[in-house]
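J.: Quick one: sequence plus predicted model below, questions after.
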Amino acid sequence: MFSLFYGLWKYIFSKTEFHVLILGIDKAGKTTLLEKLKSVHSNLEGLPPDRIIPTVGLNIGRIEVANSKLVFWDLGGQPGLRSIWEKYYEEAHAVIYVIDAACPSRFEDAKSALEKVLRHDDLQGAPLLILANKQDLTDAASAEELARYLDLKKLDERVYIFEAVSAYDGMGIKESVEWLVEVMERSKRTEMLRARAGVTGPGA
Ligand SMILES: Nc1nc2c(ncn2[C@@H]2O[C@H](COP(=O)(O)OP(=O)(O)OP(=O)(O)O)[C@@H](O)[C@H]2O)c(=O)[nH]1
Ligand SMILES: [Mg+2]
């Protein structure tokens with residue numbers, strides 16, 4: 001009896017943990033975004049932009065939003081490091097794909113790297129948040145312009161959105177994370193990952 005109540009208590013009060021991959025080509029602003037996410041959503045001060053160096057390994061950031069814990073995995077985007085991305089796909093609930101919206105000469109590279117991510121079987125059904133970053137710069141493309149440019153095919157049933165953000169001043173970041181949490185909570189991908197981890201209802 002006790003274990004039934006304990007199971008129920010745990011089920012109701014434990015926060016769901018979501019793993020979110022932050023991908024994008026080098027210099028898109030992924031690590032700067034991660035640091036801003038931490039300062040917007042927790043009391044922790046993130047690293048200031050001038051202390052951030054290009055990522056070679058993995059940066060991890062944790063925040064809590066409403067009833068959920070989010071663990072972000074930020075990977076390096078240099079061409080030689082992109083082959084590491086797929087090692088994290090299986091465990092990811094969702095993907096944030098960051099693009100430097102002020103650098104049109106790299107849109108093609110960003111597009112083909114994203115298409116490759118979307119083709120991978122291990123990311124099937126993962127919700128996708130595409131960020132048109134660096135909106136603080138006057139020549140940055142808007143979310144709509146970027147969406148038109150990328151003209152993504154093969155999104156099939158995937159839930160996705162384009163958002164305009166600035167990892168410098170924080171524009172659009174709160175709304176983006178709220179969207180992500182909402183879609184992850186009701187995504188089939190989350191159900192699938194839960195089932196695989198053996199997490200079920202109160203009896204578990
Ligand atoms: N103006 C502006 N610059 C930004 C913004 N976000 C990042 N940057 C700058 O863009 C450059 C690259 O930022 P990073 O966060 O290191 O980029 P990254 O995507 O993590 O790069 P890799 O780790 O090499 O994959 C740095 O000079 C940042 O200061 C932004 O929102 N606005
Ligand atoms: Mg980085």
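T.: Received it, and whenever you're ready, just let me know what you need. Ligands and ions are numbered 1, 2, ... in the order given.

J.: So residue 195, which state does it fall into?
T.: Under DSSP: H, G, I helix; E, B strand; the rest coil, the three-state class of residue 195 is helix.

J.: ok, it to ligand 1 distance?
T.: Between residue 195 and ligand 1 the computed distance is 33 Å (CB to the nearest ligand atom, to the nearest Å). For glycine as for every other residue, the C-beta is placed from the backbone atoms N, C-alpha and C.

J.: and the host helix or strand of residue 62, anywhere near ligand 2?
T.: Using DSSP states H and E, residue 62 maps to strand 58-65. No: Strand 58-65 lies out of reach of ligand 2 by CB under 5 Å from the ion, never closer than 6.7 Å.

J.: Dump the C-alpha coordinates for that strand into CSV.
T.: Extracted C-alpha coordinates of strand 58-65, given in CSV (Å, rounded to 0.1, in the frame of the first residue of the first chain):
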residue,chain,number,x,y,z
LEU,A,58,30.1,19.5,-25.0
ASN,A,59,28.5,22.2,-22.9
ILE,A,60,25.7,21.2,-20.6
GLY,A,61,23.2,23.6,-19.1
ARG,A,62,20.2,22.9,-16.9
ILE,A,63,17.1,25.0,-16.3
GLU,A,64,13.7,24.5,-14.8
VAL,A,65,10.6,25.8,-16.5
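
J.: what's that strand packed up against?
T.: In this structure, strand 58-65 packs against helix 30-41, strand 68-75, helix 173-185, with contacts taken as 3 or more CB pairs under 8 Å, 6 or more residues apart in numbering; DSSP states H and E.

J.: Residue 88 should be in a helix, yeah?
T.: Yes: looking at residue 88 with three-state DSSP, it is inside a helix.

J.: contacting residues for it?
T.: 19, 21, 73, 75 (CB atoms under 8 Å, 6 or more residues apart in numbering).

J.: from those, which is closest to ligand 1?
T.: Closest approach to ligand 1 among the contacts of residue 88 (CB to the nearest ligand atom): residue 75, at 7.3 Å.

J.: Tell me, how many residues neighbour the closest one?
T.: 21 (other CB atoms under 10 Å).

J.: ok, now residue 27?
T.: 15.

J.: what sits against the spatially closest residue to it that is not a sequence neighbour?
T.: Leaving aside its sequence neighbours, residue 27 sits nearest to residue 100 (CB to CB, 6 or more residues apart in numbering; 6.2 Å). Contacts for residue 100 (CB under 8 Å, 6+ apart) come out as 27-29, 106, 110, 133-134.

J.: now that we have those residues, which one has the most neighbours?
T.: Neighbour max across the contacts of residue 100 (other CB under 10 Å) = residue 133, 30 neighbours.

J.: pLDDT at that residue, what is it?
T.: On pLDDT, residue 133 comes in at 98.

J.: What are the neighbouring residues in contact with it?
T.: 28-29, 33, 98-101, 140, 165-167.

J.: one more time with 6 Å
T.: 29, 98, 100-101, 165, 167 (CB atoms under 6 Å, 6 or more residues apart in numbering).
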